[in-house]
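*Asks:* one predicted model, sequence on top.
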Amino acid sequence: MAVVLRLRRVGAKKRAIYRIVATDSRASREGRFLETLGTYNPGLTVDNVKIDKEKVESWLGKGAQVSDTVRSLLKKQGVRVSH
């Protein structure tokens, strides 16, 4: 099973909020996930990303892959992502 850190869409129509989750790469966008690692709210201008850095680093240590969008959010938050 390949684990991926990616965004999961929640929220109302046209008012999306995203959760950063660890999930199986074969699962759908709103499908099953293993653990919630943080949130991203693009509607806010300040403090729109909240991440549990310890959980993220734990999953990265286990070999989880990172989607491009989540990689850019992690870099902005100061979490070191290899590759």
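*Replies:* Great, that's in hand.
*Asks:* residue 69 should be in a strand, yeah?
*Replies:* No: under DSSP: H, G, I helix; E, B strand; the rest coil, residue 69 sits outside any strand and is assigned helix.
*Asks:* phi and psi next, for residue 52.
*Replies:* phi -90, psi 100 (degrees, to the nearest 10).
*Asks:* where does the protein dip in pLDDT?
*Replies:* 83 (pLDDT under 70).
*Asks:* got a list of what residue 23 touches?
*Replies:* Contacts of residue 23 were listed using C-beta atoms under 8 Å, 6 or more residues apart in numbering, and they are 3-4, 6, 8, 31-34. C-beta coordinates here come from the backbone N, C-alpha and C atoms, glycine included.
*Asks:* before we move on, which element is residue 59 in?
*Replies:* Following DSSP states H and E, one finds residue 59 within helix 53-61.
*Asks:* how about the helix or strand in which residue 8 is found, which residues are buried there?
*Replies:* Assigned by DSSP H and E, residue 8 belongs to strand 3-12. Neighbour-count burial for strand 3-12 flags 3-8 (criterion: 16 or more other C-beta atoms under 10 Å).
*Asks:* parallel or antiparallel, which strands does it pair with?
*Replies:* Within its sheet, strand 3-12 is paired with strand 15-24 (antiparallel), strand 65-66 (parallel), according to DSSP bridges.
*Asks:* what's the closest of those strands to residue 76?
*Replies:* Closest to residue 76 of these is strand 15-24 (C-beta to C-beta; 12.4 Å).
*Asks:* ok, residue 75 touching residue 69?
*Replies:* No: counting by C-beta atoms under 8 Å, residue 75 does not reach residue 69; the two are 11.0 Å apart.
*Asks:* what residues are up against the residue minimising distance to the centre of the chain?
*Replies:* With distances taken as C-alpha atoms, centre = their mean, residue 20 lies nearest the centre of the chain, 2.4 Å away. Residues near residue 20 by C-beta under 8 Å, 6+ apart: 5-8, 36-40, 51, 56, 70, 73.
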